[in-house]
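Undergrad: No letters, just coordinates:
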């Protein structure tokens, strides 16, 4: 299982932001973007625990972060229902 530290997460997000023009609708990046992100993380030597980050692990982390942001945005919508046990209840 991949373990991400804050520096690795920030480096991944910075790399994706630098390559935002490659993202399509729905903020989906191509595999090549995640491959270059994995290479950038490897060369930055930020790994503190777990296996090296691969393109697949970078994609999974991006999807987790994106879902987290979408939930946070939904929770901040006036009148939207959310609780940490049942979610949106929809």
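TA: Everything's here; your move. Quick caveat: nothing in here was measured; it's all calculated off a predicted structure.
Undergrad: From here on, just use CA atoms for contacts and neighbour counts.
TA: Will do.
Undergrad: in whichever strand or helix holds residue 64, what counts as buried?
TA: In this assignment (DSSP states H and E), residue 64 forms part of helix 55-75. For helix 55-75, burial by neighbour count (16 or more other CA atoms under 10 Å) applies to 55, 57, 58, 59, 61, 62, 75.
Undergrad: packing partners for it?
TA: For helix 55-75, the elements it packs on are helix 31-44, judged by 3 or more CA pairs under 8 Å, 6 or more residues apart in numbering; DSSP states H and E.
Undergrad: redo that, cut-off 10 Å
TA: On a contact count with 3 or more CA pairs under 10 Å, 6 or more residues apart in numbering; DSSP states H and E, helix 55-75 meets helix 6-18, helix 31-44.
Undergrad: List the contacts of the shortest one.
TA: If you take CA atoms under 10 Å, 6 or more residues apart in numbering as the criterion, helix 6-18 is touched by 4, 19-20, 22-23, 27, 29, 33-34, 36-38, 40-42, 44-48, 53, 58-59, 61-62, 65.
Undergrad: Weed out the non-buried ones from those residues.
TA: Neighbour counting over those (16+ other CA under 10 Å) leaves 4, 29, 33-34, 36-38, 40-41, 46-47, 53, 58-59, 61-62 as the buried ones.
Undergrad: I appreciate the help and will end here.
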